[in-house]
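Chemist: What would the 3D arrangement of this be:
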Amino acid sequence: MSALGVALVWVTSNVMQQQSVRDGTQSAASVMAYAVAPLPAGAFTEGLLTPEQRDAVEGATSGFGSRIVELRLWSTTGVLMYSSTDARVGFPDTERLSRVMESGSSDARVLDDVSRLEGTSTVGATIREVLDVYVPVRAADALDVAGTPVADLAPADPDGEPSAGEVIGAAEVMLDHTPAVDALAEARRTVTLVVAGGLVALWLLLFRTVHTTSKRLQSSALENARLALLDSLTGLPNRRLLADRMRKDVDAALATGGRVGLVLLDIDRFKDINDSLGHDHGDELLEQVAERLRGALRDEDVVARLGGDEFAVLLPDVRSVANAERLARRVRQLFVPPFQLGEMSLHVETSVGVACIPDHAHDASSLMRTADVAMYTAKHHRTGVAVYDADEDHSSPARLVLLGDLHTAIEQAPELSQLVMHYQPKIALDTGRTVGYEALMRWIHPERGVLMPNVFIPLAEQSGVIHELTRFALRSTITQLARWRTAGLPLPVAVNLSAHDVTTTAVVDVLESLLAEHDVPAELVEVEITETALVADRSRIVPVLERLDELGVKVAIDDFGIGNTSISQLRDLPVDELKIDRLFVSDLRDGGREGSEVVVQAMVDLAHSFGLRVVAEGVEDEATAAVLRRLGVDRAQGFHWSAAVPASEIAPPGPPAAPRTGARTGRVTTNG
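Modeler: Numbers count the residues shown, from 1 in each chain. This is a model prediction of the structure:
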């Protein structure tokens, strides 16, 4: 702002100074006009004035008074014709005189001291500012020999007088410039004061504005910093604050040999609560959960909300993993009393994972990851609380690498695909004939060899790429069905669907499109869903099953017996087949466990009473097959007849399939 003020004063001063010089130049031109008016034009050519002419000049300029410091008239040759100081000899500023004579324009300069002027008699004069102006004298300013102004003569004067516009000499007019300089100085002071005052006022205004804005921004920054560390809904520390506190506690524990525990929990089926009750009630539930957690733990424990329905409890000083697990179970007990949402009482369950340093992790980041793994283990196995177990760690760095490889495998062109479908025959126990197949996916990994579904399907479900795998399985299976149908092998093939696939009817649309594209009858396709998937989200899956039934696709409940399907649910479901889980089938082997035949018989009788076909899976020997046949099981599959093999190893129809006696690979004979 100081620089701006200086610039304003400097520019204003220069403008006023230039204006004062222009005003002085105009005054000098007036003096010249009065001085030259009584003189003949020829006098400038001769360079001499008579005493009468001198008196005339002096009389003509007397009206200007003391403002004229000195007046000089110069001829075209630089001869001093007249000086108001009665000087008889003098020398002009040759350069300025020549420039004025050539250009016909005045030349003005401000001199600091009149005593510096050559040819003057002003020695000892007071130092003052003088405006020295060389003004061109034109013939039009003088008289002709007859006393007529030259300006009134015709351009072609017969007497040879100069034309009116011709420069015939110069008048050097020195004016007292001190008043103008004083006025300029006063104006400069005034402008300086005004500019300084205005800038000070502007600075004060800007300072106040900036100060107010700065305080507001500082307050906002502090509030943002606070909000950046706290969850806006519950007021609990957020993930960022928890991570910072956890790093400090972990570093201290590693340095002192202590132990730090972390408990992660989330609310089971919270999405369903949000969808059915609305987000307002969902937020209210989260607030109540935060309040219960905050009030039930030790003062040194840190309760944080990580986002969504996920909470964490940091245990900075825990004696053992068992103590951490006991505290986690106490946390889960907080969810036993119902939550009151308005007039509604809501019972909520939660899954809790526990991990400790140095038992399960080596730093804060890995502690968070292992606790997260434990929480999903508890959710998957429905145990409520789970301590980290390396065997359950499906998100280890090796698993992440495998997930990247899976993405690559999915994106490959069909002819280069590492994913292939193998087919395991289903055998009619009464005839021994192959009556269908189950399509099972295999991943031919370039480095790890053949990977079974239990290795990569859970990974695909966790990462969300299960839908791409399902589309691949359906497309490959129906394409193979079309080939077999053309070759005279119209046997149905069953495809497994993940619980993630059957929560929307999109999978039915894909299936219907593929059947139409390859001209395959719907009755040749079966889909299998697990009983646990049906129980977990029955309200969404049943409409999908109904669409499949309308399409003509048969539905089987896989792994039956390990879920919680009630008899009434089973009666109302649009399903055609029950597949007894291999756990119950293995109990029949070698004489069987006590009561195992009774359990299987009950399943068979229940299914047959509802008109459902029963299939046993995991049959590995003839003795088990004989027991199943005696219990009334309709069909079976397992290594006793064949493992799942590529489509190229399935032979044309022939005699009934013989039990396998060798290795678990080989060609399979199909029998209609």
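
Chemist: Could you list the paired strands of the lengthiest strand in the chain along with their orientation?
Modeler: Longest strand in the chain, counting residues (DSSP state E): strand 434-445. Strand 434-445 sits in its sheet next to strand 419-428 (antiparallel), strand 449-451 (antiparallel), strand 493-496 (parallel), going by DSSP bridges.

Chemist: Distance of residue 181 relative to residue 132?
Modeler: Applying C-beta to C-beta, to the nearest Å, the value for residue 181 to residue 132 is 14 Å. All C-beta atoms are positioned from the backbone trio N, CA, C, and that covers glycine.

Chemist: Give the intersection of the neighbour lists for these two.
Modeler: Overlap of the contact sets of residue 181 and residue 132 (by C-beta atoms under 8 Å, 6 or more residues apart in numbering) consists of residue 110.

Chemist: any weak-confidence spans in the stretch 401-550 of the chain?
Modeler: By pLDDT under 70, the low-scoring segments of the stretch 401-550 of the chain are 535-536.

Chemist: my bad, should have said the stretch 1-150 of the chain
Modeler: Across the stretch 1-150 of the chain, residues meeting the criterion (pLDDT under 70) sit at 113-127, 144-150.

Chemist: count of residues packed around residue 255?
Modeler: As a burial measure, residue 255 scores 8 neighbours (other C-beta atoms under 10 Å).

Chemist: Same question for residue 45.
Modeler: Residues near residue 45, counting by other C-beta under 10 Å, number 15.

Chemist: same for the helix or strand hosting it, what does it pack against?
Modeler: Take DSSP states H and E as the rule and residue 45 turns out to sit in helix 41-46. In terms of contacts (3 or more C-beta pairs under 8 Å, 6 or more residues apart in numbering; DSSP states H and E), helix 41-46 is packed against strand 68-75, strand 167-176.

Chemist: Would you mind getting the angle between the biggest helix by length in the chain and strand 68-75?
Modeler: What stands out as the longest helix in the chain, according to DSSP state H, is helix 178-229. For helix 178-229 against strand 68-75, the angle by axes from the mean of the first three to the mean of the last three C-alpha atoms, to 10 degrees is 110 degrees.

Chemist: following helix 178-229, which helix or strand shows up next?
Modeler: Where DSSP H and E defines the elements, the next helix or strand beyond helix 178-229 is helix 239-256.

Chemist: related to what we said a few turns ago, counting by contacts, list what the longest helix of the chain packs against.
Modeler: helix 2-36, helix 239-256.

Chemist: if we go to 6 Å?
Modeler: In terms of contacts (3 or more C-beta pairs under 6 Å, 6 or more residues apart in numbering; DSSP states H and E), helix 178-229 is packed against helix 2-36.

Chemist: mind checking how far the helix it packs on is from the chain centre?
Modeler: Centroid displacement of helix 2-36 relative to its chain, using C-alpha atoms, centre = their mean, to the nearest Å, is 61 Å.

Chemist: which strands and helices sit next to that helix?
Modeler: Helix 2-36 is packed against helix 51-61, strand 130-138, strand 167-176, helix 178-229, with contacts defined by 3+ C-beta pairs under 6 Å, 6+ apart.

Chemist: quick one: which of these is nearest residue 577?
Modeler: helix 178-229 (55.5 Å; C-beta to C-beta).

Chemist: pLDDT on that closest one, on average?
Modeler: Throughout helix 178-229, pLDDT has a mean value of 80.

Chemist: Need the residues that contact stretch 388-401.
Modeler: Residues outside stretch 388-401 that contact it (C-beta atoms under 6 Å, 6 or more residues apart in numbering): 355, 360, 370, 373, 374, 377, 458.

Chemist: Let's see that with 8 Å instead.
Modeler: Against stretch 388-401 from outside (C-beta under 8 Å, 6+ apart): 353-355, 360, 369-374, 377, 386, 458-459, 462.

Chemist: Could you list which of these belong to helices?
Modeler: Per DSSP H, those map to helices at 369, 370, 371, 372, 373, 374, 377, 458, 459, 462.

Chemist: Pull out the buried residues from the longest strand of the chain.
Modeler: Of the residues in strand 434-445, 434, 435, 436, 437, 438, 439, 440, 441, 442, 443, 445 count as buried by neighbour count, 16 or more other C-beta atoms under 10 Å.

Chemist: Filter the ones in helices among the contacts of stretch 388-401 down to the buried ones.
Modeler: The buried subset of the ones in helices among the contacts of stretch 388-401 - by 16+ other C-beta under 10 Å - is 369, 370, 371, 372, 373, 374, 377, 459, 462.

Chemist: got those residues as TSV, with distance to residue 108 columns?
Modeler: Below are these laid out as TSV (distance: C-beta to C-beta, whole Å):
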residue	distance to residue 108
369	88
370	92
371	91
372	89
373	94
374	96
377	99
459	94
462	92
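
Chemist: Quick one, which of those residues has the minimum pLDDT?
Modeler: residue 462 (76).

Chemist: chain center to stretch 335-353: distance?
Modeler: On the basis of C-alpha atoms, centre = their mean, stretch 335-353 sits 36 Å off its chain's mean C-alpha point.

Chemist: Check what contacts that stretch and list those residues.
Modeler: With C-beta under 8 Å, 6+ apart, stretch 335-353 has contacts from 263-269, 273, 277, 281, 284-285, 288-289, 292, 328-329, 331-332, 371-379, 384-388.

Chemist: To residue 69, which of the helices and strands packed on helix 2-36 lies closest?
Modeler: Among those, strand 167-176 comes nearest to residue 69, with 4.2 Å by C-beta to C-beta.

Chemist: Direction included, what does the closest one pair up with?
Modeler: Here strand 167-176 has these sheet partners by DSSP bridges: strand 68-75 (antiparallel), strand 130-138 (antiparallel).

Chemist: Please identify the deepest-packed of those strands.
Modeler: The highest average neighbour count among these, using mean count of other C-beta atoms under 10 Å, belongs to strand 130-138 at a mean of 25.

Chemist: ok now that one, how far from the chain's centre?
Modeler: Its chain's C-alpha centre and that of strand 130-138 lie 73 Å apart, by C-alpha atoms, centre = their mean.

Chemist: Between helix 2-36 and that strand, find me the angle.
Modeler: On the basis of the same axes, to 10 degrees, strand 130-138 is oriented at 50 degrees to helix 2-36.

Chemist: Only C-alpha atoms, please: export strand 130-138 in CSV.
Modeler: Written as CSV, here are the backbone C-alpha positions of strand 130-138 (Å, rounded to 0.1, in the frame of the first residue of the first chain):
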residue,chain,number,x,y,z
VAL,A,130,12.4,30.2,-14.0
LEU,A,131,10.6,28.7,-17.0
ASP,A,132,12.8,29.4,-20.0
VAL,A,133,10.7,29.1,-23.2
TYR,A,134,11.9,29.4,-26.8
VAL,A,135,8.8,30.4,-28.8
PRO,A,136,9.0,30.4,-32.6
VAL,A,137,8.2,33.8,-34.3
ARG,A,138,6.3,33.5,-37.5
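
Chemist: Could you pull up the residues touching residue 477?
Modeler: Residue 477 is in contact with 421, 439, 493, 495, 525, counting by C-beta under 8 Å, 6+ apart.
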